[in-house]
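Participant: dropping a prediction and its sequence here:
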Amino acid sequence: MKKTVLGGLCAILLSAVSTLAQAETIRIANHGQAGIDAMKSTVERIEKKYGVTVEVIEYPAPDKDYLTKLLTELGAGNAPDLFSIPTTAAVADMVEAGYLTPITKEFKAWDGYANLYDVAKQLAVSPDGETYVMPFMLGIQEIYYRKDVLEKAGISTEQPKTWQELLDRAAEIKHKTGAYGLLFPAGVSWGSGAFDEGFQHLLVGSETPQLVDADGKLDLNGEGIKDVFNVYKELIDKDLMPTQPLLGPEPWVVPKYQMFPEGKLAATTCGSWCYIFDWGRESKNPIPEVTKVVGTWTVPGQSSGQYVLANLAAPWAVNSKSANSELAIKALMEIGSIETQVSYAARIGNIPASKDAADNADFQKLTELVPIHAAAGNGVFLKQASGFGTVSEGVARATEAMLRKETDAAGAQKILVDYVKETLGDDMVK
């Protein structure tokens with residue numbers, strides 16, 4: 001009898017210890033060595049501050065593969081407690097699917113909230129009015145151009161004021177230097193970048209500056225959409241941007257890492273990270289004195305206006321099925337710290353979302369990023385909605401057809417609209 005009772009007590013004790021161990025372990029999904037390295041000190045700080053073990057689970061490195069793996073695990077109920085989301089376009093869809101834990105109350109009570117740029121706070125709010133992500137980093141994107149190439153050819157480096165001026169500048173570059181004048185990412189192989197790093201730059205300055213109407217429907221039949229596709233058509237038809245590399249498996253490699261450093265491509269959309277990783281000190285093919293010979297233009301509007309596009313750069317979120325969401329949310333607030341922001345800035349090249357990162361000594365050493373950080377206060381963005389991930393894929397398919405010269409602007413818009421309707425239903429499109 002004593003043995004039976006003792007055995008039962010031992011079983012209960014072992015069960016309690018097991019439950020405690022589970023409650024004291026946080027699982028984090030991360031991908032890419034740079035991201036893992038950037039989080040190292042934060043992981044150590046979370047473990048020390050809360051007395052927990054943080055298990056870092058490495059997912060596939062390319063963003064598209066990472067997101068596929070993450071969504072599969074979330075759907076199966078096996079995903080980690082914390083994870084980053086590689087594209088802002090996926091956030092609303094993940095909220096709609098019920099994968100994310102709302103953090104509005106904790107986020108607004110967090111001591112770093114007041115010092116975030118307004119654009120970061122606004123980007124973090126989902127269509128339902130709740131916040132589900134930590135907007136700790138911003139992707140600030142503009143047009144980067146080879147100032148030295150243009151000056152040598154006697155071409156103006158002044159800010160283009162309209163789309164037509166931008167296209168005329170690209171044509172002048174091609175005529176006088178033989179180099180391609182401008183690149184906007186496009187095609188299926190570029191994945192979400194066809195939208196995030198290309199299409200939306202022009203969209204915000206078009207007659208359709210937002211894709212979501214008051215009812216939450218997607219406005220994809222607007223005149224501005226067709227006008228944006230017409231810009232792509234002119235670039236492609238006049239051979240002003242390289243098209244063949246964009247049809248390959250890694251479309252960014254040749255134009256961004258080879259042609260631009262060689263001066264064979266004179267202008268391209270890019271983000272703050274490019275000064276360091278694409279063409280700077282961390283590049284495999286660096287451009288000497290990159291910040292002197294590579295300048296930036298804001299993206300002009302169709303007829304007026306200048307736009308500095310801001311996105312959330314891989315925001316972090318808490319799994320709605322986390323076994324210990326309270327602890328996971330506390331860990332999420334640590335990811336929002338200035339220390340983590342600067343660590344990511346140094347290793348990935350995105351911009352800290354906190355204004356007071358400018359006072360951090362380590363951030364001041366990142367001289368390429370300091371002026372871009374100051375410009376974040378003027379960032380503009382697209383309002384998010386459920387279905388943005390599908391829109392992103394539709395833009396990739398539409399621009400792919402244009403690259404192959406299989407359609408015109410109106411046809412590209414039809415490809416986009418038809419794909420979204422087929423995927424989400426007719427009632428989702430205005």
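Facilitator: That came through, no problem.

Participant: buried residues, stretch 216-234. List them.
Facilitator: Within stretch 216-234, the residues scored as buried using 16 or more other C-beta atoms under 10 Å are 218, 220, 222, 224-234. Every C-beta, even on glycine, is put in place using the N, C-alpha and C of the backbone.

Participant: same check, this time on stretch 300-308
Facilitator: Residues of stretch 300-308 classed as buried by neighbour count (16+ other C-beta under 10 Å): Pro300, Gly301, Gln302, Gln306, Tyr307, Val308.

Participant: for the strand or helix carrying Thr269, name the packing helices and strands.
Facilitator: Following DSSP states H and E, one finds Thr269 within strand 267-271. If you count contacts as 3 or more C-beta pairs under 8 Å, 6 or more residues apart in numbering; DSSP states H and E, strand 267-271 packs onto strand 137-146, helix 163-177.

Participant: for Val204, find the nearest of the ones you listed.
Facilitator: strand 137-146 (10.9 Å; C-beta to C-beta).

Participant: residues near the residue nearest to Arg146 when sequence neighbours are not counted, how many?
Facilitator: Leaving aside its chain neighbours, Arg146 sits nearest to Ala266 (4.9 Å; criterion: C-beta to C-beta, 6 or more residues apart in numbering). Neighbours of Ala266 under the rule other C-beta atoms under 10 Å: 28.

Participant: swap in Ser337?
Facilitator: Using other C-beta under 10 Å: Ser337 sits among 18 other residues.

Participant: surely it touches Thr42?
Facilitator: Yes: between Ser337 and Thr42 there is a contact under C-beta atoms under 8 Å: 7.1 Å.

Participant: Val188 reaches Ala401, doesn't it?
Facilitator: No: assessed by C-beta under 8 Å, Val188 is found out of contact with Ala401, at 9.6 Å.

Participant: run a quick neighbour tally on Asp408.
Facilitator: Asp408, neighbours per other C-beta under 10 Å, totals 16.

Participant: which residues touch Trp252?
Facilitator: Contacts for Trp252 (C-beta atoms under 8 Å, 6 or more residues apart in numbering) come out as Pro185, Trp190, Gly193.

Participant: of those, which is the most crowded?
Facilitator: Ranked by the number of neighbours (other C-beta under 10 Å), the contacts of Trp252 place Pro185 first, at 27 neighbours.

Participant: model confidence for the closest residue in space to that one that isn't next to it in sequence, exactly?
Facilitator: In space, and not counting its chain neighbours, Pro185 is closest to Gly198: 4.1 Å by C-beta to C-beta, 6+ apart. At Gly198, the model reports a pLDDT of 94.

Participant: ok, the one 5 residues further on next?
Facilitator: Among the per-residue scores, Leu203 holds a pLDDT of 96.
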